[in-house]
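Asker: I'd like to go over a predicted model; first the sequence, then the structure.
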Protein chains: 2
Amino acid sequence: MKLMQLYASMKSDLQAIEDRMAEEVSSDLPMLSEASLHLLKAGGKRIRPVFVLLSGKFGTYSMETLKRVAVPLELIHMASLVHDDVIDDAETRRGQLTVKSKWDNRIAMYTGDYIYAKALTVITELDKPRIHQILSGAMVQMCIGEMEQIRDFFNVEQSVRNYLRRIRRKTALLIAISCQLGAMATDAPPRASHALYRFGYNVGMAFQITDDLLDLCGTEKAIGKPPGSDLRQGNITLPVLYALQDDRLSDKLLAEIKLIRDGEGTASSVEAVKLMRSSAGIKQAEILADRYIAKALKALDCLSDIPAKKNLADIARFVAKRSY
Amino acid sequence: MKLMQLYASMKSDLQAIEDRMAEEVSSDLPMLSEASLHLLKAGGKRIRPVFVLLSGKFGTYSMETLKRVAVPLELIHMASLVHDDVIDDAETRRGQLTVKSKWDNRIAMYTGDYIYAKALTVITELDKPRIHQILSGAMVQMCIGEMEQIRDFFNVEQSVRNYLRRIRRKTALLIAISCQLGAMATDAPPRASHALYRFGYNVGMAFQITDDLLDLCGTEKAIGKPPGSDLRQGNITLPVLYALQDDRLSDKLLAEIKLIRDGEGTASSVEAVKLMRSSAGIKQAEILADRYIAKALKALDCLSDIPAKKNLADIARFVAKRSY
């Protein structure tokens, strides 16, 4: 089945989730509702809700139950994006915040806090404390991941392992528990929820690596901003770490990254992106992403052969397909 | 019993809470641990843990259980202070953030997020989903309270009712549920947890009003910063709202507040504080705080006559005592 068809077949359940999300982020406070709804309307792939619903097929599928998992997981993802923006905004203005942007940053921080808290009110409607606990544990790891990213800005000495640990926390874990909790909430067998966790984790790793590749190799149209935004921010991603291992390239690349760090932003990042695109780092990162996808598919092996299993595999293969 | 004696009698239980808090906010990430521990070491009255423990006396007192309520409640309070600082720092610098303070702000936002999430991992160890739900509901209200405060900065037209609703969300609710959850976690009768909630709510209201009074009437030494910091920030508190109802004073006071808003900060706030101290608004706010304390004491009536009941009453009376 093609991905479009899959989304079409899940349309009414996904719409129910969308509706509940909109309901949750509305408040009596106009500025809060506006800020949250704006983000909600911007949409997205809703990969977490899709994984929750498909994983729920391995237990006793119930939308009443699954909504209470899917909505909070997507809200937590949204809240983390809101808090990311607080940072990015400050970044692009190089330490000069206008009153307007300062106001926005304050609103953004509390909007993020509000969406996090709303997510918790929904998940805690489920009478399964273990699920509440897994979710809060994942939130702790996500915060650590964000802090590690700040710590590691412009650190060209970091290891690949360091990068992988960071994206596990920042991205893969929330996708992993989307699968796990969808299964747990519907009382699927523990074997299934473990397998689905491993599936989600590996897809999540591939997903983030692919996203990082796209930031370097995508067109401005495809990614909605000039390529190289990670580099401009100081975020050293996997392809860059691989490229830095190439002696013929590393000196040039290091020099460009240093220029970016020292504030020579735009021009240098164009140059750095050009260097990166010609490097073997791209191919190497693609290979690792593919390896994670293979592991994700393998994790599905032990699951019963229901259509959802095939759907999950299709999504994993789609993540591996890159179009740049 | 004097308050010092009460704290002394609870010393070992409070220390156990302190230790668990320190354990929770330590991480492998030095900058995260440092930022959190710094705040922890700054101490505080630990009013929330004290209320949790005393309320637990109305059920089956167990430190293993009560720790899992007291630690998260105090951590949530701490996290909210961290996020307040993100704002205050930006405020005092009037839109000019140095790289240093920008870095600090980013760290502060994620440190706050991390402490919130840690709080959740502790409370979810309790096998009582209803408790998880009450806590997350309170967190939502706290965020709304923070947003309302921003919305209402320099709004001299706001009603007393508006102020009271804001401090209920910002302060009173978390103190109310400290009492309620201490009782619920130890399986105290619902009648007791309801009464304790009302007690905590009313003490919390008095507590915030007193805090707002202190900001105007306290010495710099007592409050650790020059008096009038609320006014400088644009936070219009109860005594100010009352003073604005006095025709003989309102024009002068409005003019000073306008000067502060337009950036004539320090000098005007000294003048505004002087005006406020001579106003009847102080006395009126004191009367309302005392009324909340009376209601808090009344709420205790229906509780069984154990020493904890007397201790709670003593704390309430202490909150009502003002020393400026």
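Answerer: Nice, thanks for sending it over.
Asker: Downstream of whichever strand or helix holds A:Y116, the next helix or strand is which one?
Answerer: A:Y116 belongs to helix A:99-123 when assigned by DSSP states H and E. For helix A:99-123, the following helix or strand on the C-terminal side (DSSP H and E) is helix A:129-151.
Asker: Can you give me the buried ones in that following helix?
Answerer: Of all the residues in helix A:129-151, those buried under the rule 16 or more other C-beta atoms under 10 Å in any protein chain shown are A:129, A:131-151. From N, CA and C alone the C-beta is placed, and that goes for glycine too.
Asker: I'd like to check the angle between that helix and helix A:99-123, please.
Answerer: 160 degrees (axes from the mean of the first three to the mean of the last three C-alpha atoms, to 10 degrees).
Asker: and helix A:129-151, what does it pack onto?
Answerer: helix A:63-92, helix A:99-123, helix A:160-167, helix A:173-185, helix B:30-41, helix B:99-123, helix B:129-151 (3 or more C-beta pairs under 8 Å, 6 or more residues apart in numbering or on different chains; DSSP states H and E).
Asker: Next, the angle from it to helix A:160-167.
Answerer: Using the same axes, to 10 degrees: helix A:129-151 against helix A:160-167 is 130 degrees.
Asker: and helix A:129-151, average pLDDT?
Answerer: Average pLDDT, helix A:129-151: 95.
Asker: Check stretch A:275-284 too.
Answerer: 95.
Asker: Output it in CSV, but only the C-alpha positions, please.
Answerer: This file holds the C-alpha atoms of stretch A:275-284, laid out as CSV (Å, rounded to 0.1, in the frame of the first residue of the first chain):
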residue,chain,number,x,y,z
LEU,A,275,31.8,21.1,0.6
MET,A,276,29.5,18.7,2.4
ARG,A,277,27.5,17.8,-0.7
SER,A,278,30.7,16.8,-2.5
SER,A,279,31.8,14.7,0.5
ALA,A,280,31.6,11.0,1.2
GLY,A,281,29.9,11.9,4.5
ILE,A,282,26.5,12.0,2.8
LYS,A,283,26.8,8.5,1.5
GLN,A,284,28.1,7.2,4.8
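Asker: buried ones in that stretch?
Answerer: Those would be A:L275, A:M276, A:R277, A:S279, A:G281, A:I282, A:Q284, for stretch A:275-284 by 16+ other C-beta under 10 Å.
Asker: Return the distance of A:D19 relative to chain B.
Answerer: A:D19 sits 19 Å away from chain B, going by C-beta to the nearest C-beta, to the nearest Å.
Asker: and if you look at A:A176?
Answerer: 17 Å.
Asker: Check the offset of the helix or strand of chain A with the lowest mean pLDDT from the chain's centre.
Answerer: Lowest by mean pLDDT, DSSP states H and E among the helices and strands of chain A is helix A:30-41, with a mean of 74. Between the centre of helix A:30-41 and the centre of its chain there are 20 Å (C-alpha atoms, centre = their mean, to the nearest Å).
Asker: Toward the C-terminus, what is the element adjacent to it?
Answerer: helix A:47-56.
Asker: now the helices for the stretch 201-324 of chain A?
Answerer: A:220-223, A:229-233, A:238-244, A:247-261, A:265-277, A:281-299, A:307-320 (DSSP state H, counting those that start in this stretch).
Asker: Determine which stretch of the ones you listed is the most buried.
Answerer: helix A:238-244 (a mean of 22; mean count of other C-beta atoms under 10 Å in any protein chain shown).
Asker: Now do it, average pLDDT.
Answerer: Across helix A:238-244, the per-residue pLDDT values average to 97.
Asker: quick one: contacts of it?
Answerer: Identification of contacts with helix A:238-244 by C-beta atoms under 8 Å, 6 or more residues apart in numbering or on different chains yields A:156, A:158-160, A:163-164, A:209, A:212-213, A:216, A:231, A:249-250, A:253-254, A:257, A:275-276, A:279-282, A:284-285, A:288.
Asker: redo that, cut-off 7 Å
Answerer: The contact list for helix A:238-244, computed with C-beta atoms under 7 Å, 6 or more residues apart in numbering or on different chains, reads A:156, A:158, A:160, A:163, A:209, A:212-213, A:216, A:249-250, A:253, A:276, A:279, A:281-282, A:284-285, A:288.
Asker: cool, stretch A:37-57 as well?
Answerer: Contacts of stretch A:37-57 (C-beta under 7 Å, 6+ apart): A:10, A:13-14, A:17, A:21-22, A:25-26, A:66, A:69-70, A:73-74, A:77-78, A:81-82, A:174-175, A:178-179, A:181-183, A:185-186, A:196, A:200, A:306, A:308, A:311-312.
Asker: which residues touch whichever residue of the stretch 151-300 of chain A sits closest to chain B?
Answerer: Using C-beta to the nearest C-beta, the closest approach of the stretch 151-300 of chain A to chain B is made by A:R151 at 6.5 Å. A:R151 makes contact with B:M31, according to C-beta under 7 Å, 6+ apart.
Asker: thinking again about what came up before, residues of the least confident helix or strand of chain A that come out buried?
Answerer: For helix A:30-41, a neighbour-count test (16+ other C-beta under 10 Å) marks A:M31, A:L32, A:A35, A:S36, A:L39, A:L40 as buried.
Asker: I'd like to know which of these is nearest to chain B.
Answerer: Nearest to chain B among the buried residues of helix A:30-41, with distances taken as C-beta to the nearest C-beta, is A:L32, at 5.4 Å.
Asker: Do I have it right that the closest one meets B:M147?
Answerer: Yes: A:L32 lies in contact with B:M147 (C-beta atoms under 7 Å); the separation is 5.4 Å.
Asker: what residue lies at the spatial centre of chain A?
Answerer: Closest residue to the average C-alpha location of chain A: A:T171 at 4.4 Å, with C-alpha atoms, centre = their mean.
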